[in-house]
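Chemist: sequence plus predicted model, see below.
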Amino acid sequence: MAQYSALLDDVFVALADPTRRGVVRRLGQGPASVGELAGAFPMTLPSFMKHVRTLESAGLIRTTKAGRVRTCVLNRERLAVVEDWLAEQRAVWQQRTDRLEQFVTEEENPS
């Protein structure tokens with residue numbers, strides 16, 4: 001459970017930044033070179049590379065280098081960690097709202 005929590009923390013930290021969310025959004029359409037990705041953001045390449053390294057260390061993207069071109073690919077499996085957590089949270093809150101609805105209905109219509 002602690003390992004799962006650490007993975008989730010890493011993913012949320014990586015996704016907390018709008019630039020990194022933009023990179024993930026773009027890579028959802030398919031692989032792209034670092035140069036292509038960086039062109040969409042108003043920053044220097046070294047600054048952009050910090051974002052790439054953060055996403056890579058969180059496991060959200062993988063990069064490969066062929067010659068001078070570094071290509072980024074989205075790791076959809078890591079996003080599944082967030083999907084699983086959200087599904088758990090959704091179930092918890094659904095149960096809570098169901099209990100609240102039952103409580104309110106019983107109070108309105110006492111036997």
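Modeler: That came through, no problem.
Chemist: outside of stretch 39-58, which residues touch it?
Modeler: With contacts defined as CB atoms under 8 Å, 6 or more residues apart in numbering, stretch 39-58 is touched by 10-11, 13-14, 17, 19-20, 22-24, 26, 34-35, 37-38, 61-63, 70, 72, 78. (Glycine included, C-beta is placed from N, CA and C.)
Chemist: all helices of the protein, in order?
Modeler: 2-15, 18-27, 34-38, 45-57, 76-108 (DSSP state H).
Chemist: now those in TSV, with mean pLDDT and mean neighbour count?
Modeler: As requested, the helices of the chain are arranged in TSV below (pLDDT from 0 to 100; neighbours: other CB atoms under 10 Å):
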stretch	mean pLDDT	mean neighbour count
helix 2-15	84	13
helix 18-27	97	17
helix 34-38	96	17
helix 45-57	96	16
helix 76-108	81	11
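Chemist: mind listing what R70 touches?
Modeler: S33, V34, V52, T63, T64 are the contacts of R70 under CB under 8 Å, 6+ apart.
Chemist: and the two most separated of those residues?
Modeler: Farthest-apart pair in the contacts of R70 is V52 and T64; separation 12.3 Å (CB to CB).
Chemist: how many residues are close by S33?
Modeler: If you count neighbours by other CB atoms under 10 Å, S33 ends up with 15.
Chemist: hmm, it is touching V69, no?
Modeler: Yes. S33 is within contact range of V69, at 5.2 Å (criterion: CB atoms under 8 Å).
Chemist: quick check: V81 vs T44, distance?
Modeler: V81 sits 31 Å away from T44, going by CB to CB, to the nearest Å.
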